[in-house]
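1. need the 3D shape of this:
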Amino acid sequence: MKVKIIKCLKDNYSYLIIDEKNNSSCVVDPSESKPIEDFIKKNKIELKFILNTHHHNDHIGGNKDLKKKYGSKVIGYENDKDRIPEIDILVKDKEIWKSNNFEFKVFHIPGHTSGHICFNFFKEKLLFTGDTLFSLGCGRIFEGDHKQMLNSISFKLRANKPQKR
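-> Numbers count the residues shown, from 1 in each chain. Coordinates of the predicted model:
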């Protein structure tokens with residue numbers, strides 16, 4: 001698996017996880033579709049899945065267009081089914097989800113939003129945390145509370161962090 005970081009909007013990123021064996025991919029949190037479409041077209045990659053960590057528009061803004069253009073399936077947390085547009089596959093906390101070579105474990109990490117999740121591609125040692133954790137801090141608390149955020153970071157993410165290669 002290879003990860004391509006794709007700049008979106010003015011200050012955001014989406015992550016394209018590419019299975020080089022069959023040239024298929026997943027995109028995490030597509031805030032807009034055009035930069036992802038451009039990369040996919042240029043590199044002749046098939047977009048199979050759209051993974052959403054939470055329902056904010058700067059993480060789901062590209063769902064509809066990408067799904068329509070590529071027939072991709074949208075994956076998101078079961079409790080956000082009414083807030084993530086075009087959702088097809090509902091995942092649960094601690095569920096291991098697999099399709100072909102894509103495999104990840106889901107962790108519900110409330111704090112930023114009540115339905116925030118992360119995707120742990122444990123075999124590749126990749127963790128996509130959305131707006132819960134940044135390199136220099138954590139995201140704002142919109143729907144949760146400080147106790148939830150601390151629990152999500154300290155006990156869920158820290159306990160399940162991928163080890164360095």
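2. quick check: the most centrally placed residue in the chain vs Glu37, distance?
-> In the chain, the centroid-proximal residue (C-alpha atoms, centre = their mean) is Val28; its distance is 3.5 Å. Distance from Val28 to Glu37, counting by C-beta to C-beta, to the nearest Å: 16 Å. Bear in mind the C-beta positions are built from the backbone N, C-alpha and C, glycine included.
3. lowest-confidence helix or strand of the chain?
-> strand 137-138 (a mean of 57; mean pLDDT, DSSP states H and E).
4. who's the closest spatial neighbour of Gly130, skipping the chain neighbours?
-> Of all residues not flanking Gly130 in the chain, Thr53 sits nearest, at 2.8 Å (C-beta to C-beta, 6 or more residues apart in numbering).
5. check contacts around the one you found.
-> Residues in contact with Thr53 (C-beta atoms under 8 Å, 6 or more residues apart in numbering) are Val28, Asp29, His59, His116, Ile117, Cys118, Phe119, Phe128, Thr129, Gly130, Asp131, Thr132.
6. take those and keep only those in helices.
-> Of the positions in the contacts of Thr53, His59 sit in helices, assigned by DSSP state H.
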